[in-house]
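Novice: Got a predicted structure plus its sequence, pasted below:
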Amino acid sequence: MTAQTLTPPAEATTQTRDRTVKLPDGKAAWLFLAPFGIFYVLFLIGPTLYMFVVSFFNTSIVQPGLGGFAGIANYAEMLTRADFWSAMWHTLQFTLYTVPPLVILAFVFAVLANRVQRGQWFFRLAFFVPFVLPSACISLIWVFLFTPATGLWPQFQSLLGFTQTAVLADPTWAMVGIAVATIWWTIGFNFVLYLAGLQDIPRELYEAAAVDGASPWHQIRYLTIPLLRRTTTLVILLQIIASLKIFDQVYLMTNGGPGISTQVALGLITGTAFTDYRVGAASAASVLLFIVIVVIAVIRQLFDRAEERKA
Amino acid sequence: MTTSPSGPRGWSRRSFLSGALAAGGLGAAGALSGCGSPLAAGIAGTPLNPGTVTFWNLFGGGDGARLQTMLDQYMAEHGGSSSLQAATFAWGNPYYTKVSLATLGDKPPDVAVAHLTRSQNLATAGLLQPITDDMLSLVGLSSTDFTPSVWENQQVDGTSYAIPLDTHPLVLFYNKQVCEQAGLLDGDGKLTPIAGIEQWEAALTAAKEVTGEYAVSYSNVADFATPWRVFQTFYQQHAGATPFLGDGGTELTVDEDAAMDTLAYIRRMSDQGWLPSAADYAGAQTLMFTGQSAFYLEGEWEITTAQAIEDLDFGMVTVPQLFDKPAVQADSHTFVLPAMERTPEQMELAMGFIKSMLDQSLTWAEGGHIPSYLPTLDSPEYAALTPQSDYASSADIAVYDAQAWYSGSGSTFENTVGAQIGLVQQQLATPEQAMAQIRSQLSVYLDTPSPL
């Protein structure tokens, strides 16, 4: 952004263009892309195509080959299964619980941390450290905190004179517990994105605003938020997709329980594929989840474009 | 908006981070150099440590503690801790998923534990090595060393795939103090045998008068296996009872009349206040342990928990026959050999480990399980164990869950059906509603071709 190129003379432009289409350079580019490209094709594009294909077959992981052709039976099964819809809803529920706090809190903390004059590194580190931990660690930490009767949270509740809640064992609170753990865990990433965005805003703007008598709140409202629009768009999109992919924390903290009250789409898919051995049916569910994620991402994109046009 | 860089004094962020990185790098380098041989073994696909038996199991709680004693014994006899690498995983579906995937990925353990009802599915899926007479004779075993009914049950199409360790039936625990006050004990301080609904209900009525609360308890909240075990026990006691599922799980072959009668009886016990309408696993135990209920229905492994309760005088008997014939729901723990290439030495090592475990069947039996290894089952030491010997006959009337790719201990089938049975006890569903729900929820599985 900062290294703005000056418009070169017309002749020079054509020359550069000529050079870029020359083969040797193209080859070199492919060579540099290859290490990533090979893995991308092998472990992402390939399996995705395989997923689309096997979703139409009765494929089993313990049987060789694709198995019998199933047509759309796998899709019909998933669309009529109550536990599939409940898992889809729980996925959406988790997304609704986590996206707003993860975006808003990350913004607030980034603004606050950015105002700290001394020892800012400490705050940056403090917010980012949980993100470095593996999901297994954060799950253990929070299961420990939520332990009925003896955990820190129930102890804290009784200290304040409330009745204790067995957060992870209660169908109405289990998802909230998982959401809280996730917010603590992943807020660092959005925090860093916002902090980078904040440091890109020229200080002169704030100085000018201060000279004009804008209060700190007005500076945030009319300078920071609009200038961080692009960051916010990115953060929200990444966050929605990340939340829809929820799996680890649920598997480790409740394993979909109590009952199936926190079972999410990826949990159901994993169970179908690896416990029931039914890769075909699981692939159909994966394709359906894939469609939902694409639709949400597209809606979000259209909404943003409309907003930008208005602005 | 300044990004005040920390000064040169003390720990700056950068020096701290680079220090941490360097330390991490050193650690990684150390780990890598130490892992030279495992890395090579992994790439070449050779066993990590040829003399070591790897063993996977799903035993927690009291079972886990007893298993550890047996494993310690094996290690003491076979050259210390390097002779065995044992790992315990989460019970139920997660365990079987791991065993399946490890076997498909060609990195299974040498020996694994499996419930008999689950080993059949693993075998059908081609994940287990058949067990031949030659293999048994390697360590001086033969098929006649095991309880015949259990041995037959583990076979799939006449081929053996599992070496049974035990039978673990549902049993009736009773609180001796309560039963004595209710006049239910005989001269030796043991429960007077109960047979038929009339005697059973008379006992429940007498017990309820003593406790003032309940007469019998078992868990039905956040636990779907226990309601299924109780239902299956009483259902199979009906003359017309058929297996719940037929034809490998493609047909619902349950006898409607017997099932409805059983559900109605569970509802009756709950309606009469003999049975609590809702209790979780620990809660149901506590009722009997604390004398708020006289009887408790659960697998015999809970003996370890009951023995740990101070001042609790309890006994265990075979579940009484209430209907037309004796029957109890049961399963068996077995040893299986996941499918993989084995050298003769590896095979001998694996079989030697299984033999060592079988030889220690008495230790295992102290945890409540009925040994299926006849030399132990028929031994005077086992006969002297109480209350184990009071329910040893359960093994003869054991009924295993119906065979289906989604059935077995801790399976989707038990979870689905057990949840509905639990609702009947909670008075949240009538037997008709529960049966209709079972039908509709199982239909997905009934209509799905077996992936095995």
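Specialist: Nice, I can see it.

Novice: CA only for contacts and neighbour counts going forward, please
Specialist: Will do.

Novice: Is residue B:85 in a helix, a strand, or coil?
Specialist: Of the three states, residue B:85 takes strand under DSSP: H, G, I helix; E, B strand; the rest coil.

Novice: For it, which residues are in contact?
Specialist: Applying CA atoms under 8 Å, 6 or more residues apart in numbering or on different chains to residue B:85 gives the contacts B:52, B:53, B:54, B:55.

Novice: One more: residue B:189?
Specialist: Taking CA under 8 Å, 6+ apart as the test, what residue B:189 contacts is B:176, B:180.

Novice: And it, how close does it get to residue B:319?
Specialist: 18 Å (CA to CA, to the nearest Å).

Novice: repeat for residue B:228
Specialist: Residue B:228 is 15 Å from residue B:319, by CA to CA.

Novice: residues in the stretch 201-350 of chain B within reach of chain A, list them.
Specialist: Contact residues, the stretch 201-350 of chain B versus chain A (CA under 8 Å from any CA of the partner chain): residue B:222.

Novice: which stretches of the stretch 201-350 of chain B form strands?
Specialist: B:216-217, B:245-246, B:251-252, B:295-299, B:314-318, B:328-331, B:333-336 (DSSP state E, counting those that start in this stretch).

Novice: Which of these has the highest mean neighbour count?
Specialist: strand B:216-217 (a mean of 28; mean count of other CA atoms under 10 Å in any protein chain shown).

Novice: Direction included, what does that one pair up with?
Specialist: strand B:295-299 (parallel) (DSSP bridges).

Novice: Show me just the buried residues among the contacts of residue B:85.
Specialist: B:52, B:53, B:54, B:55 (16 or more other CA atoms under 10 Å in any protein chain shown).

Novice: Run a quick neighbour tally on the nearest residue to the first one once chain neighbours are set aside.
Specialist: When the adjacent residues along the chain are set aside, residue B:52 lies closest to residue B:83, with 4.4 Å between them (CA to CA, 6 or more residues apart in numbering or on different chains). Burial of residue B:83, expressed as a neighbour count using other CA atoms under 10 Å in any protein chain shown, amounts to 20.

Novice: where's residue B:83 relative to residue B:59, distance?
Specialist: 20 Å.

Novice: can I see the domain layout of chain B?
Specialist: B:53-164+B:333-371, B:170-330+B:399-447 (automatic domain parsing).

Novice: which element is the spatially most central residue of chain A on?
Specialist: Central residue of chain A (CA atoms, centre = their mean): residue A:242, 1.8 Å from the mean position. Secondary structure assignment for residue A:242, by DSSP states H and E: helix A:229-244.

Novice: Disregarding residues adjacent in the polypeptide, which is nearest to the residue of the stretch 101-250 of chain B found nearest chain A?
Specialist: Proximity of the stretch 101-250 of chain B to chain A (CA to the nearest CA) peaks at residue B:125, 5.8 Å away. With CA to CA, 6+ apart as the measure, residue B:452 is the residue that lies nearest to residue B:125, at 4.7 Å, once sequence neighbours are left out.

Novice: what about the one you found, neighbour count?
Specialist: Residue B:452: 18 neighbours (other CA under 10 Å).

Novice: Please look at it and residue B:120 and confirm they touch.
Specialist: No - look at residue B:452 against residue B:120 with CA atoms under 8 Å: they stay out of range, at 10.6 Å.

Novice: which stretches of chain B have low pLDDT?
Specialist: Low-confidence segments of chain B (pLDDT under 70): B:1-48.

Novice: what comes up buried for whichever helix or strand residue A:79 is part of?
Specialist: Element membership for residue A:79 (DSSP H and E) is helix A:73-80. Within helix A:73-80, the residues scored as buried using 16+ other CA under 10 Å are A:73, A:74, A:75, A:77, A:78.

Novice: Check whether the helix or strand just after that helix comes into contact with chain B.
Specialist: Counting by DSSP H and E, the next helix or strand C-terminal to helix A:73-80 is helix A:82-115. Yes - using CA under 8 Å from any CA, helix A:82-115 reaches chain B at A:114, A:115.

Novice: What segments of the stretch 1-150 of chain A are helices?
Specialist: For the stretch 1-150 of chain A, applying DSSP state H, counting those that start in this stretch gives helices covering A:10-21, A:23-40, A:46-54, A:73-80, A:82-115, A:120-132, A:135-146.

Novice: Any residue of the shortest one touching chain B?
Specialist: Yes - counting by CA under 8 Å from any CA, contacts between helix A:73-80 and chain B involve residue A:77.

Novice: between that helix and helix A:82-115, how big is the angle?
Specialist: Going by axes from the mean of the first three to the mean of the last three CA atoms, to 10 degrees, helix A:73-80 is angled at 70 degrees with respect to helix A:82-115.

Novice: neighbouring contacts of helix A:73-80?
Specialist: For helix A:73-80, using CA under 8 Å, 6+ apart, the contacting residues are A:55, A:56, A:57, A:58, A:84, A:85, A:280, A:281, A:284, A:285, B:444.

Novice: show me what contacts residue A:56?
Specialist: Residue A:56 touches A:69, A:70, A:71, A:72, A:73, A:74, A:280, A:284, counting by CA under 8 Å, 6+ apart.

Novice: so what's the fourth one scoring on pLDDT?
Specialist: pLDDT, residue A:72: 92.

Novice: picking that back up, so which of the contacts of residue A:56 is the most crowded?
Specialist: residue A:280 (30 neighbours).

Novice: quick one: it is in a strand?
Specialist: No - with three-state DSSP as the criterion, residue A:280 is located in helix rather than a strand.

Novice: Identify the residue nearest residue A:133 in space, chain neighbours excluded?
Specialist: Leaving aside its chain neighbours, residue A:133 sits nearest to residue A:185 (7.9 Å; criterion: CA to CA, 6+ apart).

Novice: ok, now residue B:130?
Specialist: Here the residue nearest residue B:130, using CA to CA, 6+ apart, is residue B:161, at 4.7 Å.

Novice: Just give me the neighbour total for the one you found.
Specialist: 27.

Novice: For it, give me its contacts.
Specialist: With CA under 8 Å, 6+ apart, residue B:161 has these contacts: B:119, B:120, B:123, B:128, B:129, B:130, B:131, B:154, B:155, B:336, B:337.

Novice: which ones among these are found in strands?
Specialist: Per DSSP state E, strands hold the following members of the contacts of residue B:161: residue B:336.

Novice: Columns distance to residue B:180 on top of the contacts of residue B:161, output as JSON lines?
Specialist: Formatted as JSON lines, the contacts of residue B:161 follow (distance: CA to CA, whole Å):
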{"residue": "B:119", "distance to residue B:180": "42"}
{"residue": "B:120", "distance to residue B:180": "44"}
{"residue": "B:123", "distance to residue B:180": "48"}
{"residue": "B:128", "distance to residue B:180": "50"}
{"residue": "B:129", "distance to residue B:180": "52"}
{"residue": "B:130", "distance to residue B:180": "51"}
{"residue": "B:131", "distance to residue B:180": "49"}
{"residue": "B:154", "distance to residue B:180": "41"}
{"residue": "B:155", "distance to residue B:180": "44"}
{"residue": "B:336", "distance to residue B:180": "44"}
{"residue": "B:337", "distance to residue B:180": "48"}
